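[1] A predicted structure for the sequence below; I have some questions about it.
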Amino acid sequence: DLPPVDMFVTSADPVLEPSILTVNTVISLLAVDYPADKLACYVSDDGCSPITYYSLVEASKFAKIWVPFCKKYNIQTRAPFRYFSSELILTGSCNSLEFQQEYNKMKDGYEELASKIKDAVEKSMEWDLIGDFAVFSNMERKNHPTIIKVIRDQNDAGLSEALPHLIYVSREKRPEHPHRYKAGAMNVLTRVSGLITNAPFMLNVDCDMFVNNPQIFLHAMCLLLGSNDERESGFVQCPQCFYDGLKDDPFGNQFVVEHKYMGNGVAGIQGPFYEGTGCFHRRKVIYGSCPDDIGNQAKRLTPVHGGLSYKEQLRIFGDSKEFIRSAAHALQGKENISPKNLPTLVEAAHQVAGCGYEYGTSWGIEVGWQYGSATEDILTGLMIQARGWRSVLWFLVCSTAGRALKFVVRGIMLHQKPRNILGESCQNRRITSSFPLCSSTARECYNTRYTFIVSAVDKAKVESSSDSINAAGKT
Ligand SMILES: O=c1ccn([C@@H]2O[C@H](COP(=O)(O)OP(=O)(O)O[C@H]3O[C@H](CO)[C@@H](O)[C@H](O)[C@H]3O)[C@@H](O)[C@H]2O)c(=O)[nH]1
Ligand SMILES: [Mn+2]
């Protein structure tokens, strides 16, 4: 019996991150090979944009035909814009008249979706905010109350059109309150989903990424559940990779050094870094728990351990009785996915998405995604590893037959600059050594790994210079 998974898509700007990309990300997640009644997709919109909301409503309609099509014909690329960008190859079950008719229907459906979104974007100045969209009228992006909208409630769906829950969340923003960028958005999604579906596992995907392997959730569950000791897999990180790159990747956009040298090496020192997008987390780990067998040591590493008083729970997790109850459930590793009374839960979710909710609590400091750095992922990952968890890199993982499996999440190379691993690591090191919230154990953990990276990068440099010498010799 597969466990529930809550999926988080973060978006912040409908112009820099066009809605058509965000809906492709969401559609690829709704269509994964996993029981739909075990999945819920939460989309965070820091742009507070009616266009993003509208695009998701329309995408959810398209998903009703797209998801069954993908599953029936075992389509591998489930982000429609990528699927339709390559030529149709008619083989196997796809070589029938029936398939071709359905394919054409899907193509028309996707084109209609794309043109509706395009029209909405172009007409955005005279957007008529009535009915379902009325909540967006007079909203300022940086000054507005929380908006939560259930686009699709799994409980309403007939079996034949089983699709995951789809929930839109634009957290409260006020100019006088820091919003903490992605880390703040992730903490809100964690609490909102905790109240509504409370799945024991959570996946985050940036809004410009898509799942390119529909089996990834099954793979992740093998890694998360497959060992007798769950401390072996505190989280499972899939590396990013980019399509349509330049030949031979001259700017290093495919992160070959990071993954081949650093990734595989650091995997031997407690596992890979947490890199943000494409990572499966355990909810209870994000809530601050240590591995079970760590015993009394846990009290030194985290405020979250068995036997917390109610008062302590309120101090750590904030003043929502409903959330405290759901967090206790999650910390005991219990499952939950079928929300009983969605409207009441959504009501409670408004409180935990408020911008004043975290004051005086441990969010961003000892639990949840860590604040204080632009790279919240590194700090959050170190905190988890400092508490004794290992992590798993899901990259070229060898099956028992020794075959290499494929990457998982691909991104669009829109705003990515060429990166320098060592430079980035130095930046991370500076952040961890000066960052007051980073525990000394996390710092030690980082230093060991940093030393490794420096030597790995040196090795990669030597190899690549000898490669170019070889290449030069041949030409
Ligand atoms: O106020 C904000 C700012 C950003 N985001 C979202 O956060 C994600 C990442 O932000 P982006 O500006 O795209 O940063 P990148 O450098 O591309 O992201 C990489 O680096 C981040 C920080 O290290 C990781 O969290 C990401 O997963 C990883 O892809 C995107 O989905 C954004 O929409 C928000 O939700 N709210
Ligand atoms: Mn990005």
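    Here it is on my side, so go on. Residues are numbered from 1 along each chain as shown. Ligands and ions are numbered 1, 2, ... in the order given.

[2] pLDDT weak spots in the chain?
    124-127, 155-161, 336-339, 395-450, 452-454, 456-475 (pLDDT under 70).

[3] Show me which residues of this structure are close to ligand 1?
    10-12, 17, 44, 46, 181-182, 185, 206-207, 276-277, 375, 377 (CB under 6 Å from any ligand atom). Heads up, the C-betas are built off the backbone N, CA and C, glycines and all.

[4] Can you tell me which of those is nearest ligand 1?
    Distance to ligand 1 across the residues of the chain next to ligand 1 (CB to the nearest ligand atom) is lowest for Gly276, with 2.2 Å.

[5] quick one, what contacts that closest one?
    Applying CB atoms under 8 Å, 6 or more residues apart in numbering, we find Gly276 in contact with Lys182, Asn204, Asp206, Glu376, Asp377.

[6] Ok, Leu90 next?
    Residues counted as contacts of Leu90 (CB under 8 Å, 6+ apart) are Phe99, Gln100.

[7] What residues sit buried inside stretch 370-386?
    370-373, 375-386 (16 or more other CB atoms under 10 Å).

[8] Could you export it as CSV, CA atoms only?
    Only the C-alpha atoms of stretch 370-386 are listed here, as CSV (Å, rounded to 0.1, in the frame of the first residue of the first chain):
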residue,chain,number,x,y,z
GLN,A,370,15.5,27.6,7.2
TYR,A,371,15.6,31.4,7.0
GLY,A,372,18.5,33.7,6.8
SER,A,373,20.1,32.7,3.5
ALA,A,374,19.2,33.0,-0.2
THR,A,375,20.0,29.3,-0.5
GLU,A,376,17.5,27.9,2.0
ASP,A,377,18.0,24.4,0.6
ILE,A,378,21.6,24.1,1.8
LEU,A,379,20.9,25.2,5.3
THR,A,380,17.8,23.1,5.6
GLY,A,381,19.6,20.0,4.3
LEU,A,382,22.5,20.5,6.7
MET,A,383,20.2,20.9,9.6
ILE,A,384,18.6,17.6,8.7
GLN,A,385,21.9,15.8,8.3
ALA,A,386,23.2,17.3,11.5
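
[9] Centre of the chain to it, how far?
    Centre-to-centre, stretch 370-386 and its host chain are 15 Å apart (CA atoms, centre = their mean, to the nearest Å).

[10] hey, where'd the helices end up in the stretch 301-450 of the chain?
    Here the stretch 301-450 of the chain has its helices, by DSSP state H, counting those that start in this stretch, at 310-317, 321-331, 342-352, 376-386, 421-434, 440-474.

[11] List just the nearest of the buried residues of stretch 370-386 to His350.
    Comparing these against His350 with CB to CB places Tyr371 closest, at 22.0 Å.

[12] any idea how far the closest one is from ligand 1?
    For Tyr371, the distance to ligand 1 (CB to the nearest ligand atom, to the nearest Å) stands at 12 Å.

[13] need the contact list for that residue.
    Arg180, Ala183, Gly184, Gly364, Ile365, Leu437 are the contacts of Tyr371 under CB under 8 Å, 6+ apart.

[14] Can you say which of these are buried?
    Among the contacts of Tyr371, the ones that count as buried by 16+ other CB under 10 Å are Arg180, Ala183, Gly184, Gly364, Ile365.

[15] Just to check, the first one is in contact with Gly364?
    To tie it back to what came earlier, the one meant is Arg180. Yes: between Arg180 and Gly364 there is a contact under CB atoms under 8 Å: 6.4 Å.

[16] Spell out which residues are contacts of both of the two.
    In terms of CB under 8 Å, 6+ apart, Arg180 and Gly364 are both contacted by the residues Asn187, Tyr371.

[17] For the buried ones among the contacts of Tyr371, work out which two are farthest apart.
    Pairwise distances across the buried ones among the contacts of Tyr371 peak at 12.8 Å for Gly184 and Ile365 (criterion: CB to CB).

[18] of all the buried residues of stretch 370-386, which comes closest to Tyr53?
    Ranking the buried residues of stretch 370-386 by separation from Tyr53, with CB to CB as the measure, puts Glu376 on top at 25.2 Å.

[19] Not counting its neighbours along the chain, what's nearest that closest one?
    Ala183 (3.7 Å; CB to CB, 6 or more residues apart in numbering).

[20] Is the one you found in contact with Trp369, as I believe?
    Yes: in this structure, Ala183 is within contact of Trp369 by CB under 8 Å, at 4.0 Å.

[21] hey, what's in contact with both of the two?
    Joint contacts of Ala183 and Trp369 (CB under 8 Å, 6+ apart) are Glu376, Thr380.

[22] Distance of the residue nearest to Glu376 relative to Ala220?
    According to CB to CB, to the nearest Å, Ala183 and Ala220 sit 22 Å apart.

[23] And for Ile286?
    The gap separating Ile286 from Ala220 is 15 Å, by CB to CB.

[24] got it, and Ala374?
    From Ala374 to Ala220 the distance is 27 Å (CB to CB).

[25] what do you get for Asn341?
    From Asn341 to Ala220 the distance is 30 Å (CB to CB).

[26] Which one of these two is surrounded by more residues?
    Shown here are Asn341 and Ala220; by other CB atoms under 10 Å, Ala220 has more neighbours (24 against 8).

[27] Please enumerate the strands of this protein.
    Using DSSP state E, the strands of the chain run over 5-11, 39-45, 147-152, 165-170, 201-206, 209-211, 235-237, 240-242, 279-282, 391-393, 409-411.

[28] Now mean neighbour count too, for those, in a markdown table please.
    Formatted as a markdown table, those follow (neighbours: other CB atoms under 10 Å):
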| stretch | mean neighbour count |
| --- | --- |
| strand 5-11 | 26 |
| strand 39-45 | 27 |
| strand 147-152 | 19 |
| strand 165-170 | 25 |
| strand 201-206 | 25 |
| strand 209-211 | 26 |
| strand 235-237 | 27 |
| strand 240-242 | 20 |
| strand 279-282 | 24 |
| strand 391-393 | 22 |
| strand 409-411 | 22 |
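
[29] export those to TSV and tack on distance to Asn228?
    Output for these, formatted as TSV (distance: least, CB to CB, whole Å):
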stretch	distance to Asn228
strand 5-11	22
strand 39-45	26
strand 147-152	37
strand 165-170	32
strand 201-206	18
strand 209-211	29
strand 235-237	17
strand 240-242	31
strand 279-282	16
strand 391-393	15
strand 409-411	28
